[in-house]
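Chemist: coords please:
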Amino acid sequence: MTDHAVSTTARQVLLVVVFAVQLVLMLPSLVAHPHGPAAWIAYCLLTAVLGIVAGHVAAGTPTPPLLAVVPLAASVLVTTALPAGASLDDPDWGFGLVGWYLLLVLVERPKALVVALAVHICLSVAWFAHAGNGDVGTAGVVILSGTSFQVGVLVITRVLHRDARLAAEAAAEHDAARTREELARQREQDLKAGFEGQLGALLPLLADLADEQVSVADPTTRLRCSVAAVQLRRLFAENDDVPDPLLHELTACVDVAERRGVVVSLAVSGTATPVPTGVRRELVAPMAQALAVAHGRAKVSLLRTADEVRVAVVADAPETLPAPGRPVAVTVETSVHGGLVRSEARWRTA
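Modeler: Below you'll find the model as predicted:
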């Protein structure tokens, strides 16, 4: 049960209780003892409050806390209109009923309720002391029995509110844990699929090497191994948790090329821009292919602006490069001039 459901249920139950107390217990006392017009006015005011609260409960809206002024005003009217010596005795029908009305109006605001009940009790005790001819024992029993029930209901309601909040927090934490678990599982599947895709390209090479169909002394075989090494290194870098993933992946590819003896210069311009994983793959792929087959020197540049991200490479490489796949989100341009291969990938952020 949610916190809102607890509040709604509490007000519905209190409506029934207040209606029963007013009609069954208090109306006979009002009729049986002599009271002035002020007592009847107070009774009508309380009945009006009951109708207003019932309307708010039916509409599912909170009761205005200022409505508590009406029961307090009714308390003044009832108390001052009592017959002589009747304060906090059987004819004092309003003492307990006003307390229930304050609980009905302020059940969701415990601090305000305690203050309002204290004002109501102090007024009744002051008028009892002013009259000076009532039974102290009876008055004490009336005060204790009336307020203990009302305070008990308030305490039970607050406990239910607390339990509802704890249950809601536990449910939210459980949902968050399930979400984290599902995201981790999806990430693991994506990572596994990525590795499987890369291994799918490597398996023929590994099979040929194992069956001695190809030799590492063959330049073509070394070229295939170089391409596979750059692709795998980029894949490993893709899953690292770093502030600038795109630059991190570029640096990983450059590192592989440098280990093969290629002299690579890397130029970076602009601030880090969030780039989706799939777009990063397409941006890095042409550069990774060029570095994989480069020999001698290569120059890599990364340019980031508010509207565009560019990754370009110029390298000493064969004229024929392994196809990196057809890009979807980026634009790739590749040209060959005098033994130099220039490749540029562009992604518009807007």
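
Chemist: burial count for His56?
Modeler: By the measure other Cβ atoms under 10 Å, the count of residues near His56 is 15. (Glycine included, C-beta is placed from N, CA and C.)

Chemist: which residues touch it?
Modeler: Shown in contact with His56 (Cβ atoms under 8 Å, 6 or more residues apart in numbering): Arg11, Pro62, Thr63, Pro64.

Chemist: just the element for the first one, please.
Modeler: By that I understand Arg11. Assigned by DSSP states H and E, Arg11 belongs to helix 3-20.

Chemist: pull the residues that contact the following helix or strand past that helix.
Modeler: Moving toward the C-terminus from helix 3-20, the first helix or strand encountered (DSSP H and E) is helix 27-32. Identification of contacts with helix 27-32 by Cβ under 8 Å, 6+ apart yields Ala39, Trp40, Tyr43, Asp90, Pro91, Trp93.

Chemist: may I see the buried residues of the helix or strand that helix 27-32 is followed by?
Modeler: Next helix or strand after helix 27-32 toward the C-terminus (DSSP H and E): helix 37-59. For helix 37-59, burial by neighbour count (16 or more other Cβ atoms under 10 Å) applies to Ala38, Ala39, Ala42, Tyr43, Leu45, Leu46, Val49, Leu50, Val53, Ala54, Val57.

Chemist: and the second one, how far from His120?
Modeler: Spelled out, it's Ala39. Counting by Cβ to Cβ, to the nearest Å, the gap from Ala39 to His120 is 16 Å.

Chemist: on that earlier part again, go through the contacts of His56 and flag which are in helices.
Modeler: With DSSP state H as the criterion, helices contain Arg11 from among the contacts of His56.

Chemist: got a ChimeraX select line for the buried ones in the contacts of His56?
Modeler: Under the burial definition 16+ other Cβ under 10 Å, those of those that qualify are selected in ChimeraX by:
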select :11,63
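
Chemist: so can I have TSV of the contacts of His56 showing pLDDT?
Modeler: Converted to TSV, these look like this (pLDDT from 0 to 100):
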residue	pLDDT
Arg11	78
Pro62	81
Thr63	82
Pro64	86
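
Chemist: return the member of the contacts of His56 nearest to Leu223.
Modeler: Of all these, Pro62 has the smallest distance to Leu223: 74.2 Å, by Cβ to Cβ.

Chemist: follow-up on the earlier one: just put the buried residues of helix 37-59 in a markdown table and tack on distance to Arg342 and pLDDT.
Modeler: Listed next are the buried residues of helix 37-59 as a markdown table, based on distance: Cβ to Cβ, whole Å; pLDDT from 0 to 100:
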| residue | distance to Arg342 | pLDDT |
| --- | --- | --- |
| Ala38 | 98 | 84 |
| Ala39 | 99 | 81 |
| Ala42 | 93 | 85 |
| Tyr43 | 94 | 85 |
| Leu45 | 89 | 90 |
| Leu46 | 89 | 88 |
| Val49 | 83 | 89 |
| Leu50 | 85 | 87 |
| Val53 | 79 | 86 |
| Ala54 | 80 | 87 |
| Val57 | 75 | 84 |
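
Chemist: let's have these in JSON lines, adding distance to Thr273.
Modeler: Below are the buried residues of helix 37-59 laid out as JSON lines (distance: Cβ to Cβ, whole Å):
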{"residue": "Ala38", "distance to Thr273": "76"}
{"residue": "Ala39", "distance to Thr273": "77"}
{"residue": "Ala42", "distance to Thr273": "71"}
{"residue": "Tyr43", "distance to Thr273": "72"}
{"residue": "Leu45", "distance to Thr273": "67"}
{"residue": "Leu46", "distance to Thr273": "67"}
{"residue": "Val49", "distance to Thr273": "61"}
{"residue": "Leu50", "distance to Thr273": "63"}
{"residue": "Val53", "distance to Thr273": "57"}
{"residue": "Ala54", "distance to Thr273": "59"}
{"residue": "Val57", "distance to Thr273": "54"}
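
Chemist: nearest to Gly339, out of the residues you listed: which one, please.
Modeler: Gly339 lies nearest to Val57 out of the buried residues of helix 37-59, by Cβ to Cβ, at 84.9 Å.

Chemist: which residues does the closest one contact?
Modeler: So Val57 contacts Thr8, Arg11, Gln12, Leu15, Thr63 (Cβ under 8 Å, 6+ apart).

Chemist: where's the closest residue to the second one other than its chain neighbours relative to Leu15, distance?
Modeler: Distances taken as Cβ to Cβ, 6 or more residues apart in numbering put Val57 closest to Arg11, at 5.1 Å, once the chain neighbours are dropped. Note on Val57: its distance to Leu15, by Cβ to Cβ, is 6 Å.
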